[in-house]
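Chemist: what's the 3D shape of this:
(one chain, ligands or ions: 1)
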Amino acid sequence: MTFWRVDNPTHVVVPFIEGDGTGPDIWRATRPVLEAAVQRAYSGLKQIEWLEVLAGGKAYSQTGQWLPEQTIHALRHYSLALKGPLTTPVGKGIRSLNVQLRQVLDLYVCLRPVRYFDGVPSPMRHPELVDMVVFRENTEDVYSGIEWPAESAEARELTEWIEKKTGKKLTPGSGIGIKPISRPGTHRLVRRAIEYALRRNKPSVTLVHKGNIMKFTEGAFRNWGYELAQEEFPDETITEAELQKQPGEESPLGKVIIKDRIADMMFQQVLLRPAEYSVIATGNLNGDYLSDALAAQVGGLGMAPGANMGDDCAVFEATHGSAPQYAGLDMVNPGSLILSGALLLEHLGWQEAADLIYGAIQRTISEGLVTYDLARQMADAHEVSCSQFGRSLIERMG
Ligand code: NAD
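Modeler: Predicted structure coming up:
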């Protein structure tokens, strides 16, 4: 199985995790949309067979486990899945199931496309200029889960060790977390980002980092990113610095421009000069912040799809959480899961079916048919429920 699976199967088994909270609401709206798109695109010649696998609250109540081994096994076996949001119980000693899934299956890329659908309320003056794809590293950085609470023996021991080795004094009683960022971890992420840019004819890959402050982690990410581009894609890429030495050459034919930006400045750039950015490759924490901020520029989390991908498995998921206060009300926006499903169809090579969904979303929103989250920001919207939004898409499909 390759990372970029586009094998165009006629029949595919897709394991799905319904998710907690509003997960069942958005799943009920999403499934018929995906089935209708595949049916209309291929007139019955291609089919999805859904296979429910358990995780989260439903898994715990049925099996006593939050993330059963059978679920991991099924995801490995079928090498893909569509996943609703999972609640992380706070302060009960249970690690985020989402993080566990990413680590167990080594889903090292979190891919978040951010595009604008005309008519969606946005705080931007020109949201149509926002067309970016974030490649967020998913397994390293301060998210690796290596940390000790203040006053623990380990934190005290480390504090003493740091003082002895560096002469730097930490404030007594500090909690300590470790931030590992490696060359192989950076290389494999940046490799995928450049491959993506080449496959999709994207103009640039921007390495986003905070290397001015954290030189051996964030700064190294930047350096290793350039290094990878130079070593593996010397003929297909050119650095922004090299390009600037060639006056008049704005966009060299067929070459992807590799550039880098400091993370805090990048938050300004995507607001002020969004057209200058296309594919973004960044670390775990920067990517987490940046992809949510970008989602807000084009309509919020209700419309933000995502995928967590590794060499052997890809899990497509709604990027928002389980919004438990809306559970069962048939109210929230299923757009994120539907768009994640469309990404899954693209992953299979079923582009025609995915395009039917994109077109239907555009038509439905243009008619002002939206769920509460968008309706409350629009002057002439007609608010529909979660399931009605799904039905409206099917009615407007091709
Ligand atoms: P959340 O994303 O669930 O909700 C925050 C707010 O966003 C909601 O109050 C709601 O106003 C809005 N929202 C979320 N989904 C929406 C949708 N589909 N349509 C319209 N509006 C929507 O974030 P939270 O409240 O911080 O987290 C709730 C739970 O979800 C926590 O247990 C958290 O750990 C978990 N979580 C899971 C994932 C995941 O499964 N990938 C991601 C984030 C949070």
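Chemist: only C-alpha atoms from now on, for both contacts and neighbour counts.
Modeler: OK.
Chemist: pLDDT weak spots in this protein?
Modeler: Along the chain, the parts satisfying pLDDT under 70 run over 1, 90-94, 248-253.
Chemist: around the ligand, which positions in it sit nearby?
Modeler: Within the chain, the residues that sit near the ligand (CA under 6 Å from any ligand atom) are 85-89, 98, 302, 319-323, 332-334, 373.
Chemist: try 8 Å this time
Modeler: 19, 21-22, 26, 83-90, 96-98, 300-303, 317-326, 331-336, 371-374 (CA under 8 Å from any ligand atom).
Chemist: what packs against the helix ranked longest in the chain?
Modeler: Criterion DSSP state H: the longest helix present in the chain is helix 23-42. Here helix 23-42 touches strand 47-52, helix 335-348, helix 351-366, helix 386-395, going by 3 or more CA pairs under 8 Å, 6 or more residues apart in numbering; DSSP states H and E.
Chemist: about what we covered before: buried ones only from the residues of the chain next to the ligand, please, as a PyMOL command.
Modeler: Command for PyMOL that selects the buried part of the residues of the chain next to the ligand, burial taken from 16 or more other CA atoms under 10 Å:
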select buried, resi 19+21+22+26+83+84+85+86+87+88+97+98+300+301+302+303+317+318+319+320+321+322+331+332+333+334+335+336+371+372+373+374
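Chemist: which strand or helix spans the residue of the chain positioned farthest from its centre?
Modeler: Distance from the C-alpha centroid of the chain peaks at residue 164, with 40.9 Å (CA atoms, centre = their mean). According to DSSP states H and E, residue 164 maps onto helix 153-166.
Chemist: partner strands of the helix or strand just after that helix, parallel or antiparallel?
Modeler: Downstream of helix 153-166, the next assigned helix or strand under DSSP H and E is strand 176-177. Note on strand 176-177: by DSSP bridges, its sheet partners are strand 147-148 (antiparallel).
Chemist: just how off-centre is the strand it pairs with within its chain?
Modeler: 26 Å (CA atoms, centre = their mean, to the nearest Å).
Chemist: and for stretch 120-128?
Modeler: Taking mean C-alpha positions (CA atoms, centre = their mean), stretch 120-128 and its chain are 21 Å apart.
Chemist: buried sites along it?
Modeler: Going by 16+ other CA under 10 Å, stretch 120-128 has these buried residues: 120-122, 126-128.
Chemist: next one: stretch 176-186
Modeler: Quick answer for stretch 176-186 (16+ other CA under 10 Å): 176-177, 179-182, 185-186.
Chemist: so which of these sit within strands?
Modeler: 176-177 (DSSP state E).
Chemist: list just the nearest of the buried residues of stretch 176-186 to the ligand.
Modeler: For the buried residues of stretch 176-186, the minimum distance to the ligand (CA to the nearest ligand atom) is 19.7 Å, reached by residue 177.
Chemist: give me the neighbour count for the nearest residue to the closest one once chain neighbours are set aside.
Modeler: In space, and not counting its chain neighbours, residue 177 is closest to residue 147: 4.0 Å by CA to CA, 6 or more residues apart in numbering. A total of 15 residues lie near residue 147 under the criterion other CA atoms under 10 Å.
Chemist: does residue 147 touch residue 178 like I think?
Modeler: Yes. In this structure, residue 147 is within contact of residue 178 by CA atoms under 8 Å, at 6.1 Å.
Chemist: quick one: the nearest residue to residue 369 once chain neighbours are set aside from the ligand, how far?
Modeler: Residue nearest to residue 369 in three dimensions, not counting chain neighbours: residue 382, with 5.0 Å by CA to CA, 6+ apart. Distance of residue 382 to the ligand, computed by CA to the nearest ligand atom, to the nearest Å: 15 Å.
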